[in-house]
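J.: Please work out how this folds:
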Amino acid sequence: MSHSNQNDNKGVTVVSEAVCQQIMGRADAFTAVENVFSAMAKDTAYNFPVIREAIGHADALYGFKSGFDRVGMVLGLKSGGYWPGNIDKGITNHQSTVILFDPDTGKLKALVGGNYLTAIRTAASSAVSIAHLARKDAKVLGMVGAGHQSTFQLRAALEQRNFEKVVAWNKEPEKLTALAVICEELSLPFESVSRESLCAQADVIITITSAFEALIDQSWIKPGTHIACMGTDTKGKQEVDAHLLAKARVFTDELAQSTTIGEAQHAIAEGLINQADIIPIGDVINGTKAGRTSDDEITLFDGTGVGLQDLAVASVASELAEAKGLATYFNL
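T.: Numbers count the residues shown, from 1 in each chain. From the prediction side, this is the model:
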């Protein structure tokens, strides 16, 4: 009996935020995201156009990302956005829910809490880039940004290489405490530094901010560095000097988003690089294109965040919740 037929009797699967946090680990997220990038590069999975709008109420940005993975048989969308006033209400600014449908019938299949999953799938994305592109002997990890997602990014990144030290910068340095606590827990030296000092020391740099200006100058980056730019997902946002993309080999999750709403939008607009210069990381995962080609090469991953990532982790979460008896069900 197929998975969907088994569920027909129970109704729609519901997986809460609490259950997602209980069952979905970093290893599961890493595998799901790596598989999705591979499928996208083979054209067996594709994302539909993203909708993202300012709704004119509560300063909120609302939208949805959708797609279909023909091999994984995952169809659905993530709906939600960013409500900047939520933090004052004691809830997360980023709010989202993943809705999965049965590809065979179009019937509603599952509702899955999307807040925690968004954080771990974004962290898994940069971790996949580090696994495939960073130097094997990378020793110092640099963290730029200390928002909600930074702790997820740090934990996932630390599992990819044998890092010996973490250096970090944030506009408000006092917010780096959460990162320092994780490093203390793992007996890793941690230091709050200037951006220039961070670049001078770090072999791998993760930027996870909501900046609209270049925080990193291309002249600060040393040879052999891998940079994962994870914050730029909207037109106008920017985290690094556009000239850095001309200096580096550039990789991305999805070309269409990289050139329009990702970190590459500025380098493209200024004519510093062309779309043909950007390599989908799925091609590296599949072995059809080279990743890092030398120890001196600077590599940059433009992680824009795609709907298929959300659908992949939500699908895994749904299966795990059902297998462990932690899902609930309802009928429409």
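
J.: Kindly check the end-to-end length of stretch 92-107 for me.
T.: Using C-alpha to C-alpha, to the nearest Å, the span of stretch 92-107 from its first residue to its last is 30 Å.

J.: Contact partners for Leu158?
T.: Applying C-beta atoms under 8 Å, 6 or more residues apart in numbering, we find Leu158 in contact with Leu141, Val166, Leu186, Leu188. The way it works is simple: take the backbone N, C-alpha and C, and place the C-beta from them, glycine included.

J.: Would you mind writing the ChimeraX command to select the buried ones in these?
T.: To isolate the buried ones among the contacts of Leu158 in ChimeraX, judged by 16 or more other C-beta atoms under 10 Å, type:
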select :141,166,188
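
J.: Which two among the contacts of Leu158 are spaced furthest apart?
T.: Largest separation among these by C-beta to C-beta: Leu141 and Leu186, giving 11.4 Å.

J.: Let's verify the most centrally placed residue in the chain: helix, strand, or coil?
T.: Centroid check for the chain by C-alpha atoms, centre = their mean gives Thr122 as the closest residue, at 2.0 Å. For Thr122, the secondary structure call by DSSP: H, G, I helix; E, B strand; the rest coil comes out as helix.

J.: you'd agree Ala29 is up against Thr118?
T.: No: Ala29 is not in contact with Thr118 according to C-beta atoms under 8 Å; the separation is 10.6 Å.

J.: May I ask which helix or strand encompasses Gly142?
T.: Assessed by DSSP states H and E, Gly142 sits inside strand 140-144.

J.: Helices of this structure, start to end?
T.: 3-8, 17-23, 26-41, 115-133, 150-158, 177-185, 195-201, 242-247, 255-260, 264-269, 281-285, 307-323 (DSSP state H).

J.: which residues are contacting the second one?
T.: Put plainly, it is helix 17-23. Val112, Gly113, Asn115, Tyr116, Leu117, Ala317, Leu320, Ala321, Lys324, Leu326, Ala327.

J.: in stretch 319-332, what's buried?
T.: Within stretch 319-332, the residues scored as buried using 16+ other C-beta under 10 Å are Glu319, Leu320, Ala321, Glu322, Leu326, Ala327.
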